[in-house]
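In: Got a sequence here, can you build the structure:
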Amino acid sequence: NVFTAAIAEPNVIIVNTDMLKELGVEVNGYADLLQPELKGKIISGDPANSSSAFQCLIGMLYGMGKDNDPMSQEAWDFLDQFLKNLEGKQANSSSQIYKGVAQGEYAVGLTFEDPCVALQAAGEYPVKVVYPVEGLIFPGESVQILKDAPHLENAQKFVDFLLSEATMNEIGMNLNLRPLREGATLNENMVPNDQLKLFDNYDENWVAEHKAEIISMYTDHLESSME
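Out: Model prediction:
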């Protein structure tokens, strides 16, 4: 297969601003998730069964690791503290996270950007999208041509069309996604890329190669938090 990264959809934190105000806390990043006032009021997904939840876990480990090292002791020590505050509140679906925060069931949720930006822009719920001050990752979502594709020429034409300046601009202006083509336009609801802090050492290939190991470690830490 041939892979080309086309768009990015970073991990974010969505907060219910009314609930945070009532609790008397602010959430600007991962470190804030350990505040005792938030215990039992945070929801996240299951990294073993959800790609977006796995990306949220990776973002947290990079953000809280020593020198942004996701496998450092500091990263996993933070995770242990976070899991205690989480109190087992793991969603069965991604929509349960952002809808639960919007409707006031939870004060904070860890999820992906697109639906959170849409909720914030609609203005019907007291929600805010938070981009962790520690940093975030831009996992690339790819367009692919399968090996031995029966219609290779048409596949190549489609990839060229998708990655073209015009199409990337249309995606950026009409969807809450981040085209990876340099200079692509974003809609007014999106925070510009240059205002987001990305980890310099994020390695998507390394993460993919170690995914099973990371999930296994996460499961062990999750089970320990419930003892």
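In: Specify the beta-bridge partners of Ala5.
Out: Ser142 (DSSP bridges).
In: Tell me who's in contact with it.
Out: Counting by C-beta atoms under 8 Å, 6 or more residues apart in numbering, Ala5 touches Gly140, Glu141, Ser142, Leu180. To be clear about C-beta, it is placed using only N, CA and C from the backbone, and glycine gets the same treatment.
In: What of Leu152?
Out: By C-beta under 8 Å, 6+ apart, the contact set of Leu152 is Ile145.
In: just the helices in the chain please.
Out: Shown for the chain, the helices assigned by DSSP state H span residues 17-23, 51-64, 73-86, 94-102, 113-122, 152-163, 165-174, 204-209, 211-225.
In: Let me know which of those helices is tucked in deepest.
Out: Comparing the helices of the chain by mean neighbour count (mean count of other C-beta atoms under 10 Å), helix 51-64 ranks first with a mean of 23.
In: same for it, what does it pack against?
Out: With contacts defined as 3 or more C-beta pairs under 8 Å, 6 or more residues apart in numbering; DSSP states H and E, the packing partners of helix 51-64 are strand 11-16, helix 73-86, strand 108-112, helix 211-225.
In: For Gln96, find the nearest of the ones you listed.
Out: strand 108-112 (8.8 Å; C-beta to C-beta).
In: Would you list the phi and psi of the residue in the chain sticking out farthest from the centre?
Out: The C-alpha centroid of the chain is most remote from Pro150, which lies 35.1 Å away (C-alpha atoms, centre = their mean). For Pro150, the backbone dihedrals (degrees, to the nearest 10) come out as phi -70, psi -20.
In: Tell me the pLDDT of Asn1.
Out: Looking at Asn1, its pLDDT reads 59.
In: quick one: low-confidence parts of the protein?
Out: 1-2 (pLDDT under 70).
In: Which residues lie in contact with the residue nearest the centre of it in this structure?
Out: Centroid-nearest residue in the chain: Asn11, 1.4 Å away (criterion: C-alpha atoms, centre = their mean). The neighbours of Asn11, taking C-beta under 8 Å, 6+ apart as the test, are Ser52, Gln55, Cys56, Ile58, Gly59, Leu110, Thr111, Phe112, Glu113, Leu136, Ile137.
In: Equivalent analysis for Pro36, please.
Out: Asn85 are the contacts of Pro36 under C-beta under 8 Å, 6+ apart.
In: what's the answer for Tyr98, then?
Out: Contacts of Tyr98 by C-beta under 8 Å, 6+ apart are Ile14, Gly109, Thr111, Pro115, Cys116, Leu119, Val127.
In: circling back: between the helices and strands packed on helix 51-64, which one is nearest to Leu175?
Out: Leu175 sits nearest to strand 108-112 of all the helices and strands packed on helix 51-64, at 13.0 Å, using C-beta to C-beta.
In: Would you list the strands that that closest one pairs with, along with their directions?
Out: For strand 108-112, pairing defined by DSSP bridges yields strand 11-16 (antiparallel), strand 42-43 (parallel).
In: highest average neighbour count across these?
Out: On a mean-neighbour basis (criterion: mean count of other C-beta under 10 Å), the most buried of these is strand 11-16, at a mean of 26.
In: CA atoms of it as CSV?
Out: The C-alpha trace of strand 11-16 is given here as CSV (Å, rounded to 0.1, in the frame of the first residue of the first chain):
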residue,chain,number,x,y,z
ASN,A,11,-6.7,15.1,20.6
VAL,A,12,-8.4,17.8,22.7
ILE,A,13,-10.1,18.3,26.1
ILE,A,14,-13.7,19.4,26.1
VAL,A,15,-15.1,21.1,29.2
ASN,A,16,-18.5,22.2,30.5
